[in-house]
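1. need a structure here:
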Amino acid sequence: MVLAGVQEQLQPFTSRLFPRRVWLALDDDAVTVVTTKGLGQPVQLDLLRRVPLPRGACSAGDPQQVMALGDLIGDLLVELGLVGAEVLAVLPAAACAWRVVQWPFDDWPESADEALRQIDPALGLPYDLSQAYISLLPLEGADQQDSGSCSSLLVSVPRQRVLSWIEVFDIAGVQLERLEAAQVCELRALAPLLDGAEPDLLEVLVVLDERGARLTLLRHGVPEYGREVKGSLSDLEDELERCIAYWRGWDPGMTGVRLWLTGSSPDLLLLANKLHGSGDWPAEILDPVALGWIALPPDDGDEPPPPGSALASLHGLMQAEAAR
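-> Predicted structure coming up:
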């Protein structure tokens, strides 16, 4: 009994000295919370929760009710015994925009952010780069290596949107260690599966959620084109056909197609079965659990866990942290 009392008194100090790491995936209607036992292979999860958000609390990746979201996340982490945790979070895809930037240099500039702001190319963004946080990641696809060209993946988020999310976590009482765009995390999770792919193959990443889907077309591992699709699965299939037909006409070197399906939608398996049934293109599911990359925690019987395909972005975030 004395030892238990001492442990209770030490708990606040232990939390400060050795804070737990918490991985969060944010979207408009839910937050997914994960803790792990290290970052081995597979990553063993200690805890996995997906908690719905109040309607309207977050819209298009933008926190609309900052105080309410901060209180909800803070209360949730207290309930899960994660007071004072260090948080690494995936921003909603809707909060971010991506572009491929072709540099007018033989190599990537040393201060890429500053160089891009000085060049200020026409990127078709709904805001100025001066009003955004940006991240530039070198792209090293086979076609770029052959041609000697130099490109980067640009990810941008409006500055005020980032500050709003920082305020959310400040209200929640946690230390925010890292924020990354969902698109970057998903591409990082997919990358190992593209190694050794046929050079004439068009890879299509389909991220399906309750509101629709995001399509990303990749050649040689490099994202080339992205599109959002709203509507039914039939609408999505029609849009897939249009996008692939367009790309085939633009890129005569492309002779094959492979689809990768992931996301939180319960219709993911239905879509996979429909695509398999049509036989037009092979379709595989990007599911870190099924692929043996993530091991789920023991079933606590409270509620069923989210599908493994909903963890792709979190796995990509973990891979970035493991590589540091």
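
2. contacting residues around the closest residue to residue 65 other than its chain neighbours?
-> Nearest in space to residue 65, with sequence neighbours left out and distances taken as Cβ to Cβ, 6 or more residues apart in numbering, is residue 57 at 4.5 Å. In short, each C-beta sits where N, CA and C put it, glycine included. Residues touching residue 57, when contacts are defined by Cβ atoms under 8 Å, 6 or more residues apart in numbering, comprise 63, 64, 65, 68, 69, 72.

3. nearest to residue 230, of those residues?
-> residue 64 (20.1 Å; Cβ to Cβ).

4. Contact partners for the closest one?
-> Contact criterion Cβ under 8 Å, 6+ apart gives 56, 57, 58 as the residues in contact with residue 64.

5. what is the mean pLDDT for stretch 158-170?
-> For stretch 158-170, the mean pLDDT works out to 97.

6. Other residues contacting it?
-> For stretch 158-170, the surrounding residues in contact (Cβ under 8 Å, 6+ apart) are 26, 61-63, 66, 69-70, 73, 87, 89, 91, 95, 127, 131-133, 176, 179.

7. So which bits of it are buried?
-> Along stretch 158-170, these residues count as buried under the neighbour rule (16 or more other Cβ atoms under 10 Å): 158, 161, 162, 164, 165, 168, 169.

8. go on, stretch 174-193?
-> Within stretch 174-193, judged by 16+ other Cβ under 10 Å, the buried ones are 174, 176, 179-190.

9. From those, pick the one nearest residue 209.
-> Distance to residue 209 across the buried residues of stretch 174-193 (Cβ to Cβ) is lowest for residue 182, with 10.4 Å.

10. What's the local residue count around the residue nearest to that closest one when sequence neighbours are not counted?
-> Once flanking residues are discounted, residue 182 sits nearest to residue 93: 4.0 Å by Cβ to Cβ, 6+ apart. Other residues lying near residue 93 total 26 when counted by other Cβ atoms under 10 Å.

11. what's the answer for residue 278, then?
-> Residue neighbour count, defined by other Cβ under 10 Å, stands at 11 for residue 278.

12. before we move on, what about residue 73?
-> Other residues near residue 73 come to 25 when the count uses other Cβ under 10 Å.

13. can you check the one 3 residues further on too?
-> Residue 76 sits with 17 neighbouring residues when counted by other Cβ under 10 Å.

14. Filter the contacts of stretch 158-170 down to just the ones in helices.
-> Assigned to helices by DSSP state H, the following of the contacts of stretch 158-170 qualify: 66, 69, 70, 73.

15. which residue packs closest to the last one, ignoring adjacent ones?
-> If you skip the residues right next to it in sequence, residue 73 has residue 172 as its closest partner in space, 4.2 Å away by Cβ to Cβ, 6+ apart.

16. residue boundaries of the helices in the stretch 101-250 of the chain?
-> Counting by DSSP state H, counting those that start in this stretch, residue ranges of the helices within the stretch 101-250 of the chain are 112-119, 142-147, 159-172, 182-194, 233-250.

17. Need those helices in TSV (columns: distance to residue 43).
-> Shown next, in TSV, are those (distance: least, Cβ to Cβ, whole Å):
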stretch	distance to residue 43
helix 112-119	30
helix 142-147	29
helix 159-172	23
helix 182-194	12
helix 233-250	30
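
18. do you know which of those lies nearest residue 83?
-> Of all these, it is helix 159-172 that lies closest to residue 83, at 10.4 Å by Cβ to Cβ.

19. Locate residue 23 within the secondary structure: which element?
-> Under the criterion DSSP states H and E, the helix or strand holding residue 23 is strand 21-26.

20. Can you give the distance of whatever helix or strand comes next after that strand from its chain's centre?
-> Per DSSP H and E, strand 21-26 leads on to strand 30-36 as the next helix or strand towards the C-terminus. Offset of strand 30-36 from its chain centre (Cα atoms, centre = their mean, to the nearest Å): 13 Å.

21. Stretch 109-125 now?
-> Distance, centroid of stretch 109-125 to centroid of chain: 23 Å (Cα atoms, centre = their mean).

22. same check, this time on stretch 214-231
-> Using Cα atoms, centre = their mean, we find the averaged C-alpha position of stretch 214-231 to lie 14 Å away from the chain's own average C-alpha position.

23. just to revisit the earlier point, list only those of the ones in helices among the contacts of stretch 158-170 flagged as buried.
-> Of all those considered here, the ones buried according to neighbour count by 16+ other Cβ under 10 Å are 66, 69, 70, 73.

24. ok, back up a step: quick one: closest of the helices of the stretch 101-250 of the chain to residue 35.
-> Of all the helices of the stretch 101-250 of the chain, it is helix 159-172 that lies closest to residue 35, at 15.5 Å by Cβ to Cβ.

25. Show me the chain divided up by domain.
-> Under the assignment named as automatic domain parsing, the residue ranges that make up the domains of the chain are 2-95+159-187+292-322, 97-158, 193-285.
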